[in-house]
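> sequence first, then the predicted structure, then my questions.
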Amino acid sequence: MRDVARAVEMSPMTVSRALRGDETVNEKTRDRIRRVAADLGYVYDSTAQAFRTQKSGFVAVVLPSINNANFAETFRGLSDALTGSGVQLLLGSTNYRLEKEEELVGQLLTRNPEAIVLTGGHHTDVTRKLLENAKIPVIEIWDLPPDPVGHVVGFSNADAMSLIVQHLVRQGRRKLAFVGAAAGSDMRGVARRDGVIAAATALDLTQVAQIDAGPAPVSMRHGAEVVVKLGPAIATYDALVCVSDPVAFGVLNECRRLGIKIPDDVAITGFGHFEIAAVSSPRLTTAGVHANKIGRKVAGVLQDIFAGETSAQWIDVGSELVLGETS
């Protein structure tokens, strides 16, 4: 900073105020100091300012996976909507493990984030205690938890799957199988499975088969392996209700390889309205859950929080049935 001050022939205090955006330094001078600092390769250290103001300038975001296109789209919507706000995002990934989320939350809170965004409404007791003690805004996304920690921006996984089941039953499909991750390894997957069973029961279907595709996160490969394992017997079901579009795509490709006609022999549905659902051949029937909209709504909640709004917000972005050619 002294080097910058010498270059502009001003005091280090003036340089410091200019670099942190203090309007007591006129705009023309601030611009000149920033240009000189950039030419010298100087980066302003905001640590002292954060300590003084108790504002770190960033929000922590915890996602189950950075490989999942829908979670990436949610992050993009949030990031795009915060452009120009001065807020930066610090991202962590749990790989669908609650104990990893607990570890990440503990680490992130040491960085003094101004808010934290968590995917889902299921957390360990330790995580909930950490969040309560931190006394910062918490936003839970991609779920509608019955006992939220703070703000909520999400949808009902069960309701989304109910749309799919109702559609299949209207077509006369009666023997359904749910294809998803091993029990307990993906709480949103569990909610989707339970939603399928509840919707089927309400429509007088006596049983929904459950096909374990492996530990979360399950992918196209896992979907294909389910069909390889069961072989032509997979077509004894009227419909395969898959936990996600990638799993459904894997199931679809392997069924076609075996000569099983889709949807004549068996219907296949996905979840999430991924890009792959629209470009697959045939196109997948799926549930759209507005991933980008979730991110943008979260940004709106954050902006309200930073503006001084203190009441908890509950935002249900809903879901929709997206008809394809596989049902």
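Sure thing, it's come through.
> lowest-confidence helix or strand of this protein?
For the chain, counting by mean pLDDT, DSSP states H and E, helix 47-53 ranks last in confidence among helices and strands (a mean of 48).
> and whichever helix or strand comes after it, C-alpha only, in CSV?
In the C-terminal direction, the helix or strand that comes right after helix 47-53 (DSSP states H and E) is strand 58-63. Taking Å, rounded to 0.1, in the frame of the first residue of the first chain, the C-alpha atoms of strand 58-63 are listed here in CSV:
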residue,chain,number,x,y,z
PHE,A,58,-19.3,-13.8,1.2
VAL,A,59,-22.1,-16.3,1.5
ALA,A,60,-21.4,-20.0,2.0
VAL,A,61,-23.2,-22.5,-0.3
VAL,A,62,-23.2,-26.2,0.4
LEU,A,63,-24.3,-28.6,-2.4
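> which elements pack onto strand 58-63?
Using 3 or more CB pairs under 8 Å, 6 or more residues apart in numbering; DSSP states H and E as the contact criterion, the neighbours of strand 58-63 among helices and strands are helix 69-81, strand 88-93, helix 98-109, strand 116-119. Bear in mind the C-beta positions are built from the backbone N, C-alpha and C, glycine included.
> would you list those in JSON lines and tack on distance to Val169?
Conversion of the helices and strands packed on strand 58-63 to JSON lines gives the following (distance: least, CB to CB, whole Å):
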{"stretch": "helix 69-81", "distance to Val169": "26"}
{"stretch": "strand 88-93", "distance to Val169": "37"}
{"stretch": "helix 98-109", "distance to Val169": "34"}
{"stretch": "strand 116-119", "distance to Val169": "31"}
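> Val4 is nearest to which of these?
Set against Val4 and scored by CB to CB, those come closest in strand 88-93, at 22.8 Å.
> now that closest one: buried residues?
Gly92, Ser93 (16 or more other CB atoms under 10 Å).
> and stretch 294-314, how far out from the chain middle?
The gap between the average C-alpha position of stretch 294-314 and the chain average comes to 17 Å, counting by CA atoms, centre = their mean, to the nearest Å.
> list the buried ones in it?
Counting neighbours by 16+ other CB under 10 Å, one finds that the buried residues in stretch 294-314 are Ile294, Gly295, Arg296, Lys297, Val298, Ala299, Gly300, Val301, Leu302, Ile305, Phe306, Gln313.
> and these, which is closest to Leu130?
Ile305 (19.0 Å).
> quick check, pLDDT for that closest one.
Taken from the predicted model, the pLDDT recorded for Ile305 is 94.
> next SSE downstream of the helix or strand that contains it?
Element membership of Ile305, judged by DSSP H and E, is helix 291-306. Towards the C-terminus, the helix or strand next in line after helix 291-306, according to DSSP H and E, is strand 314-316.
> Gly214 versus Thr206, what's the distance?
Distance check for Thr206 against Gly214: by CB to CB, to the nearest Å, it reads 27 Å.
> so for those two, which residue has more residues nearby?
Applying other CB atoms under 10 Å to Thr206 and Gly214 shows that Gly214 carries more neighbours, namely 17 against 8.
> got the contact list for the more buried one?
When the contact criterion is CB atoms under 8 Å, 6 or more residues apart in numbering, the partners of Gly214 are Ala181, Ala182, His222, Glu225.
> same thing but at 10 Å, please
By CB atoms under 10 Å, 6 or more residues apart in numbering, the contact list for Gly214 reads Gly180, Ala181, Ala182, Ser185, Arg221, His222, Gly223, Glu225, Val226, Val247.
> which one of those residues has the most neighbours?
The most neighbours of any of the contacts of Gly214, using other CB under 10 Å, belong to Gly223, which has 32 neighbours.
> contacts only, for that one.
With contact set as CB under 10 Å, 6+ apart, Gly223 has these partners: 179-180, 211, 213-214, 240, 242-255, 268, 270.
> let's see 6 Å
Val247, Gly250, Val251 (CB atoms under 6 Å, 6 or more residues apart in numbering).
> please apply the same query to Arg283.
Listed by CB under 6 Å, 6+ apart, the contact set of Arg283 reads Gly324, Glu325.
> what does stretch 102-122 rub up against?
Contacts of stretch 102-122 (CB under 6 Å, 6+ apart): 56, 58-64, 92, 124, 126-127, 130, 134, 136-143, 145, 187, 298, 302.
> could you list the low-pLDDT ranges of the stretch 151-300 of the chain?
Counting by pLDDT under 70, the stretch 151-300 of the chain shows low-confidence ranges at 184-185.
> now the helices for it?
Ranges of helices within the stretch 151-300 of the chain are 157-170, 187-202, 220-230, 245-257, 275-279, 291-306, based on DSSP state H, counting those that start in this stretch.
> how far off helix 69-81 does the last one point, in degrees?
Interaxial angle, helix 291-306 versus helix 69-81 (axes from the mean of the first three to the mean of the last three CA atoms, to 10 degrees): 40 degrees.
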